[in-house]
Each structure stands twice: as C-alpha cells, then as structure tokens.
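S.K.: just a sequence and a predicted model for now, questions to come.
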Amino acid sequence: MLFFRMLCLLLVLVLGLGGCMGGASVNIPHDHYYRLPAITAVTPLGTPILPGTLEISAVQTSGMLHERSILFVREQQPLEVSPYHYYYWVNAPASLLQQHLLNYLRQKNFAHSQHRYRSDTPADFRLESELLHFERYIRKDASEARVELELVLRDNRSKRTLLRKLYRYNVKAQSTEMADTADAFGRALNAIYRQFAQDVAALNL
C-alpha cells in the first residue's frame with residue numbers, strides 16, 4: 001500500500017511538472033551558424049599579376065580566434081572581447097578566410113594558378129597571412145565588422161619577401177541583424193583583397 005501511494009505521488013509530480021513546462025511560453029535559445037558571403041563582382045585580370053604559381057598557406061590565428069564563436073566588442077567596453085554563445089561561424093575563421101581568399105584570387109586571375117599550400121606541389125610564390133582581429137563592434141544602434149589581417153607575399157625561387165603589410169578595415173552592417181554583420185565581414189575582406197592586389201601590382205614583378 002505504501003509503495004502504491006508513493007508511486008501515485010510520483011506520477012502526480014511528473015504530470016504537474018510536465019503541465020507547467022508545456023503550458024509556459026519558454027523561448028529556448030538555439031544555435032545559429034554563419035558563413036562568409038560568396039565572392040562577387042570581381043573583374044578578372046587579362047594578364048595575371050604574378051608570373052607563376054601561387055600557394056596559399058593556412059591562415060595563422062591565436063587566442064579566441066581559434067574557436068568558431070563569433071566575437072564581439074561593445075562600444076562602452078572597447079577593451080573587452082567576448083564570444084557569443086549561440087552565434088557561430090560554420091568553421092573556424094582561419095579555415096573560412098583561407099578559402100574565401102583563395103576564391104577571390106582565382107576569380108581575379110591573380111596568378112597563373114593558385115591553390116592551398118601542399119608540400120608535394122611547390123609553387124613559385126607563397127602567400128602567408130595572420131588574422132589579428134575579426135570582431136563584431138556593437139554601438140548603441142548599429143554594429144560593424146572589424147578586420148585586421150597581415151599578408152606576406154614571398155618569392156619561393158629567390159627566397160625573398162616581396163610584400164608585408166597590415167590591412168585594417170571596418171565596415172558598418174546594414175542592420176543590427178547578425179546576418180548583415182556576416183555580410184559586412186565579407187565586404188571588409190573584399191576591400192582588403194582589392195588593396196592587396198593593387199599593392200602587388202605596384203611591385204611590377
């Protein structure tokens with residue numbers, strides 16, 4: 001009899017909790033994943049800037065940039081960098097950026113051919129990069145993408161460094177929606193790529 005009463009009490013508690021959870025309007029957060037926008041509106045060069053083949057090394061990162069969480073900084077606390085808990089890149093920024101950069105260089109006809117670095121496929125030139133900042137900057141009523149990227153172009157044949165430059169671009173998102181911020185990251189990167197291509201063209205290789 002005692003066992004039966006305890007069982008009934010347990011059933012009442014379970015049903016009561018289930019009713020509370022089912023009846024309440026609870027918004028459970030879910031994860032959102034973002035990719036960089038596709039490269040578009042690139043005018044290909046008639047003659048490649050680089051007279052040879054180009055290998056793209058893996059993008060170097062450190063600290064929180066190793067993770068997929070999108071990072072943000074608030075205007076009121078500019079020295080504090082925080083990760084979002086429900087907003088992520090589909091891959092780590094280094095992986096996203098390497099492919100994004102490669103897509104641009106291919107569409108631009110930057111070299112005779114370009115590919116990710118492979119030890120079994122030596123190239124004439126090598127492009128190295130380090131991503132230093134890749135953050136969403138939040139103002140009171142707006143947000144922007146902030147990107148800081150160092151690019152280093154080396155001549156594998158002569159073992160010379162042809163160009164080393166730090167590029168910084170901040171691009172305002174069209175709204176406070178995270179999707180528009182992801183688009184702003186793409187536009188900031190495109191601006192960096194364009195400036196890099198101009199800088200290399202000025203070398204007259």
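M.R.: Yep, it's here.
S.K.: all strands for this structure, in order.
M.R.: Chain-ordered strands for the chain, with DSSP state E as the definition, fall at 32-34, 50-56, 69-74, 77-89, 111-116, 125-138, 143-155, 160-172.
S.K.: let's have those strands in JSON lines, adding mean pLDDT, mean neighbour count and distance to residue 43.
M.R.: For glycine as for every other residue, the C-beta is placed from the backbone atoms N, C-alpha and C. As requested, these are arranged in JSON lines below (pLDDT from 0 to 100; neighbours: other CB atoms under 10 Å; distance: least, CB to CB, whole Å):
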{"stretch": "strand 32-34", "mean pLDDT": "97", "mean neighbour count": "15", "distance to residue 43": "27"}
{"stretch": "strand 50-56", "mean pLDDT": "96", "mean neighbour count": "19", "distance to residue 43": "17"}
{"stretch": "strand 69-74", "mean pLDDT": "98", "mean neighbour count": "19", "distance to residue 43": "31"}
{"stretch": "strand 77-89", "mean pLDDT": "96", "mean neighbour count": "13", "distance to residue 43": "28"}
{"stretch": "strand 111-116", "mean pLDDT": "94", "mean neighbour count": "18", "distance to residue 43": "16"}
{"stretch": "strand 125-138", "mean pLDDT": "98", "mean neighbour count": "20", "distance to residue 43": "20"}
{"stretch": "strand 143-155", "mean pLDDT": "98", "mean neighbour count": "20", "distance to residue 43": "20"}
{"stretch": "strand 160-172", "mean pLDDT": "98", "mean neighbour count": "14", "distance to residue 43": "20"}
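S.K.: okay if I get those as TSV plus distance to residue 204?
M.R.: Formatted as TSV, the entries for the strands of the chain read as follows, by distance: least, CB to CB, whole Å:
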stretch	distance to residue 204
strand 32-34	39
strand 50-56	11
strand 69-74	39
strand 77-89	37
strand 111-116	15
strand 125-138	15
strand 143-155	14
strand 160-172	11
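S.K.: quick one, which of these gets closest to residue 95.
M.R.: Evaluated over these, closeness to residue 95 peaks at strand 77-89, with 8.6 Å, by CB to CB.
S.K.: and that closest one, how far out from the chain middle?
M.R.: Counting by CA atoms, centre = their mean, to the nearest Å, strand 77-89 is centred 13 Å from the centre of its parent chain.
S.K.: what's that strand in contact with?
M.R.: In this structure, residues lying in contact with strand 77-89 by CB atoms under 8 Å, 6 or more residues apart in numbering are 29-35, 64, 67-74, 96, 135, 178.
S.K.: same check, this time on stretch 160-176
M.R.: By CB under 8 Å, 6+ apart, the surrounding residues in contact with stretch 160-176 are 125, 132-133, 137, 141-155, 180-181, 183-185, 187-189, 191-192, 195-196, 199-200, 203, 205.
S.K.: and if you look at stretch 60-68?
M.R.: By CB under 8 Å, 6+ apart, stretch 60-68 touches 71, 81, 83, 88-94, 128-131, 134.
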